Structure formats: structure tokens, C-alpha cells
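*Asks:* Provided below are the primary sequence and the corresponding predicted coordinates.
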Amino acid sequence: MAARKVPQFLSKLYQLTNSEEHADCVAWSDAGDEFWVSNLDFFSRGLLPQYFKHANYASFVRQLNMYGFHRTTMPKGDQPQGVGMVERFHHEFFIKGRKDLLHNIKRKSKSKRKGDDAADRDDDAGEDLQEMQEEVRSRDCTIARLTEMLVSLGVGPEHLEGIPHVQYPEYKKQQLQQQQQQQ
């Protein structure tokens, strides 16, 4: 069975929340069922640009909301001076040590999202485009590997002419040269 595609946003989020390097402002709860963001200023200016294409905390939170995360804001307890509040985010399938569950997290359909501004829609479209481009590159590589396998098995281009996306660049080049020589 093929692995299910996990959106890039979720993969980067999981990487961010599991990095020991950022434990001072991003941490998992003891139960591992929610992550906490403290020091929002550093998180926005220092971490978001490393993982995402922006430094806008509100956009980050909107993206989480679109994937069904729930947020609560409450004091964490003893905190360093200057860190008064902590944002907590929870999703039933976003659990520490369970990267295998990420494919269960789905983005809300557009009809369920109200109040999106144009910038958010542009961010979504950009992410969608990037994911589609990655899929196309992956499929192109798969097609190239399969084509090479067919050639190695002795299946010639004449048997594959009608199959979409199957190309033999060298064969096509030879055909074109032969046609030009005949003229």
C-alpha cells in the first residue's frame, strides 16, 4: 500500500515541535498530546521563518485552525521573566512520537472556512501548488524508472507509443533524424 501524502505544513510543524534545539519556546505537554508555544516574539521572528515562508504568528495560528487544531491560552506556571502566556495547541492526531498519524489530519474544506483574507488564500494556493509540483516530480521519476525497467526487459518504444507519459527521448531523437534524412 502506498504511503499517504502528509501536507508539507504538517511535516514542518512536526519537525519544529520535535526539535530539541527549540525546546525553550516549543515543547510538548507531559502527556504528549499537545504542544506549547511560549516566547511568542522569538517564535515568530526566529523560528517561523526557518520552517515557513513568513514570520507572521497570526497566519501560523490560522493555518493550524484550518487543520483542526484547537488553541488555548493560559499561564504555564513558573516561566522565565518576560514570558507571561503560553499558547497550547491540540489535535487528536498530532501526538509526540506518532508521526505515522499525521496523514489523518485533513485541512478543513473551503466551505467551512469563513473570514479568510486574500493573503491566507494565496498562502494556501502556494502550498497546494508546491505539493502538486512535488507530486508531479515524484510521478515523473517513477515513470522514468518504469520506462528504464521496460527497456531493460526488451519492451521497445513501438509497444508503448499509445501510453501517455511514456517517452524514449533517444528513440524519438533517432526517429526525427531518420525522418529528416529521408526528406
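*Replies:* Good, I have the coordinates.

*Asks:* excluding its backbone neighbours, what's nearest S44?
*Replies:* Spatial nearest neighbour of S44, excluding adjacent residues (C-beta to C-beta, 6 or more residues apart in numbering): Y57 at 4.3 Å. (C-beta placed from N, C-alpha, C; glycine too.)

*Asks:* burial count for that neighbour?
*Replies:* 16 (other C-beta atoms under 10 Å).

*Asks:* hang on, isn't it packed against L48?
*Replies:* Yes. The pair Y57 and L48 passes the contact test of C-beta atoms under 8 Å, sitting 6.9 Å apart.

*Asks:* can you pull the buried residues of stretch 26-39?
*Replies:* 26-28, 34-39 (16 or more other C-beta atoms under 10 Å).

*Asks:* should've said stretch 148-156
*Replies:* Buried residues in stretch 148-156 (16+ other C-beta under 10 Å): L150.

*Asks:* again, but for stretch 9-18
*Replies:* Buried, per 16+ other C-beta under 10 Å, within stretch 9-18: 9-10, 13-14, 16-17.

*Asks:* could you dump those into CSV with distance to F43 added?
*Replies:* Converted to CSV, the buried residues of stretch 9-18 look like this (distance: C-beta to C-beta, whole Å):
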residue, distance to F43
F9, 16
L10, 18
L13, 12
Y14, 16
L16, 9
T17, 11
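
*Asks:* for the residues you listed, give me TSV that also has pLDDT.
*Replies:* Output for those, formatted as TSV (pLDDT from 0 to 100):
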residue	pLDDT
F9	92
L10	94
L13	94
Y14	95
L16	93
T17	93
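
*Asks:* and the furthest pair within those?
*Replies:* Within the buried residues of stretch 9-18, F9 and T17 form the most distant pair, 12.4 Å apart (C-beta to C-beta).

*Asks:* hmm, back to that, max pairwise distance over the buried residues of stretch 26-39: which two?
*Replies:* Longest span within the buried residues of stretch 26-39, C-beta to C-beta: E34 and N39, 17.2 Å.

*Asks:* was I right to think M66 contacts I105?
*Replies:* No. Assessed by C-beta under 8 Å, M66 is found out of contact with I105, at 10.4 Å.

*Asks:* just to revisit the earlier point, quick one: contacts for the residue nearest to S44?
*Replies:* Neighbouring residues of Y57 by C-beta atoms under 8 Å, 6 or more residues apart in numbering: 40, 43-44, 48.
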